[in-house]
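Asker: fold the following and give me the result.
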Amino acid sequence: MSAPERTRVAITGMGVKSPAGNSVDEAYTTIMSAKSAATTVDELVAENAPVRFACMVPDFPMDGYVSLRERRQIDRGTQLALCAAADAVRDADLPTTLPAERVGVHLGTGIGGLTSMEATALNHGDDPAGIPVHTVPRTMANSAAARVAMRYGFQGSCTTYATACASGTTAIGEAARRIRYGELDAVVAGGFDSAITTIMVAGFARMRALSTRNDAPWSASRPFDAERDGFVLAEGAAMMVLERWDAAAARGARIYGEVAGYAANADAFNIVAPLADGAVAARCMALAIADAGLGPADIGHINAHGTSTRSNDSAEAAAISRCFGATAPPVTSVKGVTGHLIGGSGALEACVALVCAERGVVPPVANLADGDEFDFLDIVTGVPRAVPTAPALSNSFGFGGQNACLVLTPALWNS
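Answerer: Numbers count the residues shown, from 1 in each chain. Sure thing, here's the model as predicted:
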């Protein structure tokens, strides 16, 4: 007996609030320009933080998304998540006839409500009786997912994933599985974080994970470059609306593409350092490609995790070489522009990777001046590169060895 045909998972909506722009098209344009969004942050300067720059989301009129009263009740990261989710839901134009219990919310965060937690501790640590009444819901890691579900009345599984820098990718992949298995018909999925605070910056700096180019922040994030000295902390949120392909097609929805493959595993090696030989990360990539029913030769380009740290870039390059051999497709990393959104990074990069795959172009890696160390890879530099329309592989490798990979296929691609 042949196996039943697998349910395909369509992407029908996307929403982005990122340092590169507050829509998918804005982010795409900025990333193609290879112009870094890193800038000095006055609050970090005032607090004499060891690193005084980051990648911030540009101001936008939040009143149309979140009321002033609601903003007082929720963390900055949750605010950005709600805004990105609103854009994605609007973009998808989900029918109101969908049963509420068949629509879920799956979000990822590496930090949760840290901004609010830190502010509460600093402002009210010596006055417990004065702690704001909304402190607990503001700091709960699942607050953003709950708020999205509440806003739209979605009653399917409402789940929050915390797999460090892989959180957004994990959320999208696990959401796709729920649709594949027939548990849900549609899911709002993505990731978010906002952790540009004195304590978090100092903590990452203490680990020597952050770039220290305070005098030239625009040049600080330089994935795969010989002079890389750490990542640039960023904030933001990115969301997708996933649906059953057949249902989306039947209602005439615009389908951007498909979550064709997903895999996750763990290095089981070190809490902050990746496995240097990239063996487990390579297996994760291979599993995601196989899950899509494809082979390595079908991948048109790789959106690398590419953090601009010494160990991560080296380990990921080794992993790509293990997975693809001498015929690896073009490789990019958008973090040279956006910085590292932590739990939001994988979701933003999935959106961008899909748009790039659809349009047949790969963005250059910003600030990459000397990539000789990785001359065995085809890393895109200088200007965008035209490529055939084909599936993209998007990698996310987080602290704790949390690996997650997505294969995203443009709607018009035919294998």
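Asker: what are the ranges of the strands in the chain?
Answerer: 9-17, 38-40, 53-55, 103-108, 158-161, 186-193, 236-244, 257-266, 301-303, 331-332, 361-362, 385-386, 392-398, 402-410 (DSSP state E).
Asker: just those: most buried one?
Answerer: For the strands of the chain, the stretch with the most neighbours on average is strand 186-193, a mean of 34; neighbours defined as mean count of other Cβ atoms under 10 Å. Just so you know, the C-beta spots here come from the backbone N, C-alpha and C atoms, and that holds for glycine as well.
Asker: pLDDT (mean, whole number) over that one?
Answerer: The pLDDT scores in strand 186-193 average 98.
Asker: elements contacting it?
Answerer: Judged by 3 or more Cβ pairs under 8 Å, 6 or more residues apart in numbering; DSSP states H and E, strand 186-193 is in contact with helix 76-92, strand 103-108, helix 143-152, helix 167-180, strand 236-244, helix 345-359.
Asker: angle of it against helix 345-359?
Answerer: Relative orientation of strand 186-193 versus helix 345-359 (axes from the mean of the first three to the mean of the last three Cα atoms, to 10 degrees): 120 degrees.
Asker: could I get strand 186-193 in PDB with only the CA atoms?
Answerer: In PDB, the C-alpha atoms belonging to strand 186-193 read as follows (Å, rounded to 0.1, in the frame of the first residue of the first chain):
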ATOM      1  CA  ALA A 186      -3.500  27.500   9.500                       C
ATOM      2  CA  VAL A 187      -0.800  28.800  11.900                       C
ATOM      3  CA  VAL A 188       0.700  32.200  12.600                       C
ATOM      4  CA  ALA A 189       4.400  31.300  13.000                       C
ATOM      5  CA  GLY A 190       7.600  33.200  13.600                       C
ATOM      6  CA  GLY A 191       9.900  34.700  16.100                       C
ATOM      7  CA  PHE A 192      10.700  37.800  18.000                       C
ATOM      8  CA  ASP A 193      13.100  39.400  20.600                       C
END
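Asker: which sections of the stretch 1-150 of the chain are below the confidence cut-off?
Answerer: 1-4 (pLDDT under 70).
Asker: T327: which of the helices and strands packed on strand 186-193 is closest?
Answerer: Ranking these by their distance to T327 (criterion: Cβ to Cβ) puts helix 345-359 first, at 18.1 Å.
Asker: buried sites along the closest one?
Answerer: For helix 345-359, the neighbour count (16 or more other Cβ atoms under 10 Å) marks 345-358 as buried.
Asker: perfect, I'm done here.
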